[in-house]
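Asks: Next come a sequence and a model predicted from it.
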Amino acid sequence: MNSPEARPKLSVVVVCYEMAAQIKNTLRSLLPPYQRNIATDDYEIIVIDNGSTRMLPERARTVSPNLRYIYLPPNEAKPSPAAAINRAAAAARAPLLCLMIDGARMVTPGALSWALRLLQLAPRAIVEVRGWHLGSKWQPESVAEGYNPPGSGRREFARLGSRP
């Protein structure tokens, strides 16, 4: 933010847990130029790390001036993301709130600007962006068959959607 008193229009709360690799893509998808027709001063991103054994790398925590990082160490975190969401929502400065319960997501280009436009038309509306999974199968099925993120120590697919 350019000034401490400048109030963003939208607060984007992203909950993560043990996803240092995935959060990089999530944050990249939340920032210009990927997010179109919106300035970083229009919104803030609050990443709340819910009990990871280590904080995110500094590069991820400082990728943008509109990002704030809240770390809940394992002894303070709860298994459910609800308490983390409430804590981040209490820290939010904008009148509008966007919740991303799973930090391993990528947001469609322009989704934030479209959400703001829709909420100008209907201020009491709830704007939802559907989640879509990449790959040839629904994620719970591919995980049950052995797909895991690279570096997880378990069997990995060579590329998303391929067979082991």
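Replies: In hand now; what should we look at?

Asks: From here on, just use CA atoms for contacts and neighbour counts.
Replies: Will do.

Asks: And stretch 104-113, how far out from the chain middle?
Replies: Relative to the centre of its chain, stretch 104-113 is centred 9 Å away, using CA atoms, centre = their mean, to the nearest Å.

Asks: So for it, first residue to last residue, what's the gap.
Replies: 21 Å (CA to CA, to the nearest Å).

Asks: again with stretch 14-22
Replies: Per CA to CA, stretch 14-22 runs 12 Å from first to last residue.

Asks: The worst-scoring helix or strand of the chain on mean pLDDT packs against which elements?
Replies: Least confident helix or strand, the chain: helix 139-144 with a mean of 79, by mean pLDDT, DSSP states H and E. Helices and strands touching helix 139-144, by 3 or more CA pairs under 8 Å, 6 or more residues apart in numbering; DSSP states H and E: there are none.

Asks: what's in contact with it?
Replies: residue 133 (CA atoms under 8 Å, 6 or more residues apart in numbering).

Asks: And it, how far out from the chain middle?
Replies: 21 Å.

Asks: what do you get for stretch 106-121?
Replies: So, by CA atoms, centre = their mean, the centroid of stretch 106-121 is 15 Å from its chain's centroid.

Asks: and if you look at stretch 23-34?
Replies: 9 Å.

Asks: What residues of the least confident helix or strand of the chain count as buried?
Replies: The neighbour-count check on helix 139-144 (16 or more other CA atoms under 10 Å) flags 139, 142 as buried.

Asks: how about it as PDB, C-alpha atoms only?
Replies: The C-alpha coordinates for helix 139-144 follow below in PDB (Å, rounded to 0.1, in the frame of the first residue of the first chain):
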ATOM      1  CA  GLN A 139      -8.100 -34.700  -7.200                       C
ATOM      2  CA  PRO A 140      -9.300 -37.100  -4.500                       C
ATOM      3  CA  GLU A 141      -9.200 -39.900  -7.000                       C
ATOM      4  CA  SER A 142      -5.700 -39.100  -8.300                       C
ATOM      5  CA  VAL A 143      -4.400 -38.700  -4.700                       C
ATOM      6  CA  ALA A 144      -5.900 -42.100  -3.800                       C
END
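
Asks: What segments of the protein are helices?
Replies: Secondary structure of the chain (DSSP state H): helices at 20-30, 58-61, 82-91, 111-121, 139-144.

Asks: how long is stretch 123-130 end to end?
Replies: The stretch stretch 123-130 measures 20 Å between its terminal residues, going by CA to CA.

Asks: residue ranges with poor pLDDT in this structure?
Replies: Filtered on pLDDT under 70, the chain yields the residue ranges 1-5, 148-164.
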